[in-house]
Each structure stands twice: as C-alpha cells, then as structure tokens.
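J.: Provide a 3D model corresponding to the input given below.
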Amino acid sequence: MTTNESNTEGFTSHISKQFNEELEHIRTELLAMGGIVERQVHQSVEALLTGDVQLAEDALTIDLQTNAMELKIDERCTSIIARRQPAASDLRLIVSISKAVVDLERMGDEASRICRQTIELGNQGSSQHGFQEVRHIANLVRSMVKEVLTAFARGDIEQAFKVAKSDRAVDQEYRSAMRTLVSLMMEDPRSISSCLNVIWVLRSLERIGDHSRNMAEHIIYLVSGQNVRHQSITDMKATVDKSI
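T.: Residues are numbered from 1 along each chain as shown. Model prediction:
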C-alpha cells in the first residue's frame, strides 16, 4: 500500500467516524426531546385530573423548550444532508428524525392545550364531568407515547406496529366519550360549559395518539425502507412481517 493510499483510507475512516457521531448525536437529541414531551403530556393530564392549576402552568412552560429543540434538531438534520449527502439507511434515519421531531413538537402543543383547558376549568370552578373518559383515554395515549419512544430507541419495528395499532383503540374510546358528553349536555344544560372544555381535552389526547402513530410509521420506514403512511393496519402488518 502506498503512502497516499494509506492517507486516503485514514481520512475516509475519520470522516466516517465523524458522520456516525453526528447521526448518533441527533438521534440522542430526538430521544431527549421525546422524554421532555412525554413528561409534559403526563403533567398536563395529571394537572387536569387533580385540578392542579399550578402544575398546568408549569407544564405550559415546557412548550418553549420543545419548540427550541425542534428547531435545533431540524437545523442539524438539514446541515448533515447538505454536507454529507447521505444515502440508504443513513438518509432514512435523518428523514425519520426530521419528521419525528415535528410530531413531538405537536404533541407538546396538544399538551399545552390541555393545560389551558385545565386552567380554564379551575377558574370556572367546574365539576368533573367527563373526567372518567379522560382518564381512560389518557392512559392509552401516555402508553403510546412511552412505547413509541422506546421503539425508536431500539429500532423495534414490531413495537412500532403495536403503537400504530393502538391508535384504533384510542379513536374508538374518543368516539364513545364524545357520545357520552353530548348526551350529558342534552340532559343537563348546566354542564355544557365544563363538558365543552373536556371535549377539547379529549380532542387533544386523540391528536397525541395520532402523532404517536405517525412516529410509529416513521420507525417502520426507517427499519424497512417502506413508506406505510395512509396504509391500513392490515397492509402495515404485512410490511412489518416482511421486514422481520
């Protein structure tokens, strides 16, 4: 091997190491952002169920942090694409992270909406109409958020599919809760104001479930290379089975 060949291999190895470190860095930042959003979702729900207005106000401030993290990670992804021109699995990782941070930021937005509804309910001194429905859906959604972050950390395509499948249960519970609240408002017009606040909370929880499913789809794309957005659960399952 000539000296020039040796130098070239050393340079290429150095560049490859730097590139891998950059990819691992943005992946770590995504998971850190996910942990913050998971905490914000948890706090927003706990604030509502316990009537803790101060906790709701504290959780609202987290949104500024997640917004800043989204911008930072997105800029890093754009920079890596421009400088490294990645291909294949490396490109899929960057694209998946770039899309996932958008979903995480929007989960944070929905958690903030729950906080604002909690503060409004606290100011009204409203009763806990619909809180049983909120508690049930919130448990499903919080589990989805936790599991999809774990799936992203592990590159676990099977767990990602389970999260996507769970969104169907959230949608069913959401529709059932809406029917219950509408019936309650018809029976007792005095409950309309508080029920409307809870309806907005349920809508935010349902949207957090949707964003968790989106992240699950990004994981399936990352691992399999197949874009499963807008696919039925059956078709998505077929894609996952082929990739295992």
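J.: Counting neighbours, what do you get for residue 125?
T.: 8 (other C-beta atoms under 10 Å). In short, each C-beta sits where N, CA and C put it, glycine included.
J.: any idea how far it lies from residue 47?
T.: Using C-beta to C-beta, to the nearest Å, residue 125 is found at 16 Å from residue 47.
J.: Same check on residue 210?
T.: Distance of residue 210 to residue 47, given as C-beta to C-beta: 22 Å.
J.: So these two - more neighbours on which side?
T.: Each of residue 210 and residue 47 has its neighbours counted (other C-beta under 10 Å); residue 47 has more, 25 against 18.
J.: mind checking how far the helix or strand where that one lies is from the chain centre?
T.: Assigned by DSSP states H and E, residue 47 belongs to helix 3-50. Here the centre of helix 3-50 is set off from its chain's centre by 16 Å, with C-alpha atoms, centre = their mean, to the nearest Å.
J.: That one: what's the following helix or strand?
T.: Following helix 3-50 in sequence, per DSSP H and E, is helix 53-84.
J.: That next one: which residues count as buried?
T.: Going by neighbour count (16 or more other C-beta atoms under 10 Å), the buried part of helix 53-84 is 53, 55-56, 59-60, 62-63, 66, 69-70, 73-74, 76-77, 80, 84.
J.: Run through the protein and note the low-pLDDT ranges.
T.: Residues of the chain that meet the criterion pLDDT under 70 lie in 1-15, 126-129.
J.: Wait, residue 210 touches residue 167, no?
T.: Yes: under the criterion of C-beta atoms under 8 Å, residue 210 makes contact with residue 167 at 6.6 Å.
J.: quick one, what contacts residue 233?
T.: With contact set as C-beta atoms under 8 Å, 6 or more residues apart in numbering, residue 233 has these partners: 164, 165, 168.
J.: now do 10 Å
T.: Taking C-beta atoms under 10 Å, 6 or more residues apart in numbering, we find residue 233 in contact with 161, 164, 165, 167, 168, 213.
J.: gap between it and residue 165?
T.: According to C-beta to C-beta, residue 233 and residue 165 sit 6 Å apart.
J.: Quickly list what's touching both of these two.
T.: residue 213.
J.: can you pull the buried residues of stretch 173-188?
T.: Applying a neighbour-count criterion of 16+ other C-beta under 10 Å, one finds 173, 174, 177, 178, 181, 184, 185 buried in stretch 173-188.
J.: Closest one of those residues to residue 206?
T.: Closest approach to residue 206 among the buried residues of stretch 173-188 (C-beta to C-beta): residue 174, at 4.5 Å.
J.: Downstream of the one helix or strand the closest one maps to, the next helix or strand is which one?
T.: Per DSSP H and E, residue 174 falls inside helix 157-187. Remark: after helix 157-187, the chain's next helix or strand is helix 192-224, criterion DSSP H and E.
J.: ok, then the element right after that next one?
T.: On the C-terminal side of helix 192-224, the closest following helix or strand by DSSP H and E is helix 233-243.
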